[in-house]
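Visitor: sharing a model prediction with you, sequence too.
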Amino acid sequence: MFNVLSKIVLLAVYGLALASYATPLPLSADAIGWLRIVALVLLAAHLLEVVLCFRKVVLHKGPLFDSVLLTLLFGFLHWKPLADAARQAR
């Protein structure tokens, strides 16, 4: 349940940050600025995760592109369950 809620929060942050470029939001300019910074920092951290945890990212059953994209969006919320399942299968 934590995993799903965390993913929803991440999608909300990204969605609001993107929407703030397209339409005025009922938030202060400072709040929008911070929202954009948070979204950018999250994406940068997840990009670093793709590089550092690539062995775990490739454990995804689907195409590699999908796994990289999911890791960019959700970070360890995507690749950690894959790594745990692979470790238990051994």
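Guide: Nice, I can see it.
Visitor: helices or strands next to the helix or strand that contains Lys7 in the packing?
Guide: Secondary structure from DSSP states H and E places Lys7 in helix 2-22. Packing partners of helix 2-22 (3 or more Cβ pairs under 8 Å, 6 or more residues apart in numbering; DSSP states H and E): helix 29-52, helix 64-74, helix 76-89. No exception for glycine: its C-beta is placed from N, CA and C like everyone else's.
Visitor: chain center to it, what's the gap?
Guide: Relative to its chain's centre, helix 2-22 lies at 9 Å (Cα atoms, centre = their mean, to the nearest Å).
Visitor: who's in contact with it?
Guide: Contacts with helix 2-22, where a contact means Cβ atoms under 8 Å, 6 or more residues apart in numbering, come from 25, 27, 32, 35-36, 38-40, 42-43, 73-74, 77, 81.
Visitor: rerun at 6 Å
Guide: Ile32, Leu35, Arg36, Ala39, Phe74, Leu77 (Cβ atoms under 6 Å, 6 or more residues apart in numbering).
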